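Asker: Provided below are the primary sequence and the corresponding predicted coordinates.
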Amino acid sequence: MTIIIVKLVLVVVIGYLLGSIPIGYLLSRRHAKVDVRAHGSGKTGATNVLRTAGRKLALLVAVLDISKGALAVVIAGLIVGSEYLLVGDSGLWWLLASAQVLAALAAVAGHIWSPFLKFKGGRGVATFFGGLVA
């Protein structure tokens, strides 16, 4: 049971750290030489990047933000594994799905409250969508 808890904590930490990478901020700083947080809504998501840095960069930010949520779910599946999918004596058939949901929510939380940007970030819509699709 302890290993299960360790795996779940690891899934949440990885999901949060992955989600907290401020893609919109980093790409707009590098390519458009603008701090996206100082313009428009002040958020770091693709919509604000569209307002400040253009369509191409906004599309890239949207794809990468969606990928953060999806990747968190995939990593959770790899960490927890599929051995709990079988309904057996362990009764832990729900563990994989729960770990994936936790990873997606942690990625969204990381996107919204990024420690790299003083706990500010985007709205988490694209990251949530990525977690939902995966």
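Answerer: In hand now; what should we look at? Residues are numbered from 1 along each chain as shown.
Asker: ok, residue 123 - how many residues close by?
Answerer: 17 (other CB atoms under 10 Å). In this view, the C-beta of every residue, glycine as well, is placed from N, C-alpha and C.
Asker: Pull out the buried positions in the biggest helix by length in the chain.
Answerer: The longest helix of the chain (DSSP state H) is helix 55-80. Neighbour-count burial for helix 55-80, counted by 16 or more other CB atoms under 10 Å, picks out 57-58, 60-62, 64-73, 75-77, 79-80.
Asker: Now do that helix: distance to the chain's middle.
Answerer: 6 Å (CA atoms, centre = their mean, to the nearest Å).
Asker: Stretch 121-128 now?
Answerer: Remark: stretch 121-128 is offset 8 Å from the chain centroid, using CA atoms, centre = their mean.
Asker: Other residues contacting that stretch?
Answerer: 19-20, 22, 24, 43-46, 48, 62, 65-66, 68-69, 104, 107-114 (CB atoms under 8 Å, 6 or more residues apart in numbering).
Asker: Quote the end-to-end distance of that stretch.
Answerer: By CA to CA, to the nearest Å, the extent of stretch 121-128 from end to end equals 14 Å.
Asker: Show me which residues of the helix or strand hosting residue 50 are buried.
Answerer: Residue 50 belongs to helix 46-53 when assigned by DSSP states H and E. Neighbour-count burial for helix 46-53 flags 46, 47, 48, 49, 50, 52, 53 (criterion: 16+ other CB under 10 Å).
Asker: Please tabulate these in JSON lines, including the columns pLDDT and distance to residue 130.
Answerer: Below are the buried residues of helix 46-53 laid out as JSON lines (pLDDT from 0 to 100; distance: CB to CB, whole Å):
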{"residue": "46", "pLDDT": "95", "distance to residue 130": "12"}
{"residue": "47", "pLDDT": "95", "distance to residue 130": "16"}
{"residue": "48", "pLDDT": "95", "distance to residue 130": "18"}
{"residue": "49", "pLDDT": "95", "distance to residue 130": "16"}
{"residue": "50", "pLDDT": "95", "distance to residue 130": "18"}
{"residue": "52", "pLDDT": "93", "distance to residue 130": "22"}
{"residue": "53", "pLDDT": "92", "distance to residue 130": "21"}
